[in-house]
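**Q** Got a predicted model here, sequence first, then my questions.
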Amino acid sequence: MSKLVENIPSLELQTKHLLTIRDLSAGEVFGLLERAADLKQGWKEGYAPLALANKSVALIFEKPSTRTRVSFELAVVQLGGHPLFMPSRDTQMARSEPLADTARVMSRYVDAMVVRTFGQDTVEELADRGSIPVINALTDRYHPCQVLSDLLTVQEQLGGVTEPVYCWLGDGNNMAHSWIEAAACLGFELRLACPDAFRPDEAIMASALERGAKITLGNDPAEAVRGAQVVSTDVWASMGQEAEAKARRAAFAGFTLDAELLGLAAQEAMVLHCLPAHRGEEISEEVLEGPQSVVWGQAENRLHMQKAILEALVGHQAGKDE
Ligand code: CP
Ligand code: NVA
């Protein structure tokens, strides 16, 4: 066992589920970041703790995925557990078996469910009705695991996550919502620029502001980007919004993160994109492939953050036979 991985006591979280970043305290986010960094280093040296030995994790996906599916599946394997990938269309969920029944049955078989779906109420119901941890692998409302691993990338590049000024450009979508919650949790400054018709959810904004979050929301990309150290964007039409893609392309005109816009950011500002990217829409080819883009390392970090999350949420649960 790598000394690095072995010596640091692994983190236990207060929450049973990870459905939103609001489930975590700031200290827990810092703990996950520290642990993910150590797990990454340990894995590069060839080691991982067998925190999921004799445990199984179901990955129930109702939407497509490359990064989230592969990183969670491999994270379970690297921690010594058994992943089961279950496209929901191949399950009885697709034939209207109630979520409550699915949750209770899966709880008799596996030790956790990683779920990608449409409604946040789906992951909430699975969590309420089952007896095992549920991890949100993306809903229409949030993408918490992505933003946690994006913070790992910021930490690696800039040495910390609370000092930089962050900018979010484009759609007020699931990623924007999780960034807003991260800003409220950790206290960093976040500036969002979204077209008026595509602003983030008002309740999510209001809740963050009530907690003292340093967030501004406008519709001017240049104003939001100016001086920022971390510039993040995402597709204009998320999964499930394909029919709106054309109308959205028109509505988001002026929001492309191109070299001119990035030139307003801090010198050597880092560019994040959760991927998949649509070159020439929300981000130019030049910026995505340019020296300030860290998107490939950002994608790699999903693997190590998923391990930290799984270890903390599932590794500490008593196994099925205990
Ligand atoms: N960023 C992300 O969640 O990618 P996938 O849709 O490929 O999982
Ligand atoms: N907002 C995007 C993120 C994809 C990882 C979507 O929901 O499709």
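**A** Everything's here; your move. Ligands and ions are numbered 1, 2, ... in the order given.
**Q** Spatially, which residue comes closest to the closest residue to ligand 2 within the stretch 51-200 of the chain, not counting chain neighbours?
**A** As assessed by C-beta to the nearest ligand atom, ligand 2 sits closest to residue 173 within the stretch 51-200 of the chain, at 4.7 Å. Where C-beta positions appear, they are placed from N, C-alpha and C, glycine not excepted. The shortest distance from residue 173 to any non-neighbouring residue, by C-beta to C-beta, 6 or more residues apart in numbering, is to residue 238 (5.3 Å).
**Q** And the closest residue to residue 141 other than its chain neighbours, how far from ligand 1?
**A** Among residues not flanking residue 141 along the chain, residue 120 sits closest, at 4.1 Å (C-beta to C-beta, 6+ apart). In this view, residue 120 and ligand 1 are 16 Å apart by C-beta to the nearest ligand atom, to the nearest Å.
**Q** repeat for residue 230
**A** Distance of residue 230 to ligand 1, computed by C-beta to the nearest ligand atom: 17 Å.
**Q** ok, residue 315 - contacts?
**A** Applying C-beta atoms under 8 Å, 6 or more residues apart in numbering to residue 315 gives the contacts 10, 49, 51-52, 55, 79.
**Q** Recalculate using a threshold of 7 Å.
**A** Applying C-beta atoms under 7 Å, 6 or more residues apart in numbering to residue 315 gives the contacts 10, 51-52.
**Q** how about the strands in the chain?
**A** Secondary structure of the chain, counting by DSSP state E: strands at 56-61, 82-87, 112-116, 134-136, 165-169, 189-193, 214-218, 230-233, 270-273.
**Q** Which of those sits closest to residue 309?
**A** Ranking those by proximity to residue 309 (C-beta to C-beta) places strand 134-136 first, at 6.5 Å.
**Q** what does the closest one contact?
**A** 17-20, 112-115, 123, 126-127, 142, 144-145, 309, 313.
**Q** hey, where'd the helices end up in the stretch 1-150 of the chain?
**A** 3-7, 26-44, 67-78, 99-109, 120-129, 144-158 (DSSP state H, counting those that start in this stretch).
**Q** Mind putting the ones you listed into TSV with mean pLDDT?
**A** Shown next, in TSV, are the helices of the stretch 1-150 of the chain (pLDDT from 0 to 100):
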stretch	mean pLDDT
helix 3-7	54
helix 26-44	97
helix 67-78	98
helix 99-109	98
helix 120-129	98
helix 144-158	98
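**Q** Perfect, I'm done here.
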